[in-house]
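Asks: got a sequence here, can you build the structure:
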Amino acid sequence: MKALISFYVNDWYFAVPMTVIMLIAFAMVIWRFLLNQGATSKLDLLLPDLQTNLRQKGPKAAVALCQQEKGLIPNTLFVAGLQASDQGVAAMRRSMASAVELEILPRLNFLLPSILAIAKIATMVGLLGTVISMIGTFSAIGESAAKGAAGASGVTAQSEKIGLALFATALGLLTAIPLVFFHVMFKAWITKFETKMKVAAQTLVTLVQNVKNNPDGDDEPAEDEDRRAARRAPAR
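Replies: Residues are numbered from 1 along each chain as shown. Next up is the predicted model:
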């Protein structure tokens with residue numbers, strides 16, 4: 001602990017900016033995690049109500065229902081597909097594909113490039129701080145050694161700063177390693193979410209086709225308060 005305090009006191013021009021970078025980076029990770037939580041939705045509870053609105057009130061009512069949801073799949077993907085449902089299945093697929101590419105994926109990748117950039121920069125800044133500190137330390141050791149025995153104590157004192165200089169690299173790695181881990185995890189989550197979007201898009205197309213082919217089918221029960229509350233609860 002004493003060595004760490006000395007690092008912040010003696011090499012504050014590296015320690016303080018790197019600490020600020022680390023705090024900003026982990027704030028971005030938390031922000032991205034919260035955005036991921038907000039992107040999810042309970043489709044198994046939404047689809048029966050969506051089918052009821054399609055059958056009883058038409059696509060406009062279904063669009064209004066999806067717009068009330070917070071998840072990206074109903075709020076963006078389903079809305080794009082339903083708005084093009086009058087033009088046929090091909091138009092629905094094109095509209096949903098465009099929504100995925102232009103709206104959903106940019107939102108899912110928001111902050112990820114910055115997180116990865118900070119992870120790389122933190123490592124390099126840490127190494128730079130160590131190198132600069134080591135250059136100064138070895139220069140001081142050389143001057144002490146040139147003084148002979150009288151400077152032996154100075155050499156010992158300067159050699160202690162070598163370990164202190166490595167704190168810059170350690171701080172950079174402590175920032176970079178978790179950020180790389182979270183970046184990989186977020187990318188894996190996006191891949192899984194893309195698969196979920198493909199399944200949801202096909203489900204919507206099938207649902208719209210069934211309603212068009214069987215407009216007089218059995219009506220689904222109206223949505224009650226318990227189902228609405230369960231659907232709007234945060235997905236885990």
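Asks: which residue is the nearest non-sequential neighbour of the residue nearest the centre of the chain?
Replies: Most central in the chain under C-alpha atoms, centre = their mean is R32, positioned 3.5 Å from the mean C-alpha point. Of all residues not flanking R32 in the chain, L111 sits nearest, at 4.7 Å (C-beta to C-beta, 6 or more residues apart in numbering). Every C-beta, even on glycine, is put in place using the N, C-alpha and C of the backbone.
Asks: re the thing from before, which SSE is the residue nearest to the centre of the chain in?
Replies: R32 belongs to helix 12-39 when elements are defined using DSSP states H and E.
Asks: list the helices and strands the helix or strand harbouring T206 packs on?
Replies: Element membership of T206, judged by DSSP H and E, is helix 152-213. Applying 3 or more C-beta pairs under 8 Å, 6 or more residues apart in numbering; DSSP states H and E, one finds that helix 152-213 makes contact with helix 2-10, helix 12-39, helix 43-56, helix 79-83, helix 89-99, helix 105-108, helix 112-146.
Asks: repeat the analysis, applying 6 Å as the threshold.
Replies: If you count contacts as 3 or more C-beta pairs under 6 Å, 6 or more residues apart in numbering; DSSP states H and E, helix 152-213 packs onto helix 2-10, helix 12-39, helix 43-56, helix 89-99, helix 112-146.
Asks: give me the helices and strands touching the second one, please.
Replies: Read that as helix 12-39. helix 112-146, helix 152-213.
Asks: out of these, which comes closest to N53?
Replies: helix 152-213 (9.8 Å; C-beta to C-beta).
Asks: can you pull the pLDDT of the residue lying closest to A168 once chain neighbours are set aside?
Replies: The shortest distance from A168 to any non-neighbouring residue, by C-beta to C-beta, 6+ apart, is to G129 (3.1 Å). Turning to G129, the model gives it a pLDDT of 82.
Asks: the residue nearest to Q83 when sequence neighbours are not counted: neighbouring residues, count only.
Replies: Once flanking residues are discounted, Q83 sits nearest to V63: 6.2 Å by C-beta to C-beta, 6+ apart. If you count neighbours by other C-beta atoms under 10 Å, V63 ends up with 19.
Asks: and for A90?
Replies: 10.
Asks: can you check A119 too?
Replies: The burial count for A119: 20, using other C-beta under 10 Å.
Asks: how about it, what does it touch?
Replies: A119 makes contacts with A176, L179, V180, as judged by C-beta atoms under 6 Å, 6 or more residues apart in numbering.
Asks: by neighbour count, which of those wins?
Replies: Compared across the contacts of A119, L179 has the highest neighbour count, 24 neighbours, by other C-beta under 10 Å.
Asks: need the per-residue pLDDT for that one.
Replies: Reading off the model, L179 has pLDDT 96.
Asks: likewise for the one 3 residues further on?
Replies: Model confidence at F182, expressed as pLDDT, equals 97.
Asks: just checking, the residue nearest to A168 touches A15?
Replies: No: shown here, G129 and A15 do not form a contact pair, counting by C-beta atoms under 6 Å, at 8.0 Å.
Asks: neighbour-wise, which of those two wins?
Replies: Looking at G129 and A15 with other C-beta under 10 Å, you find the greater number of neighbours at G129, namely 24 against 18.
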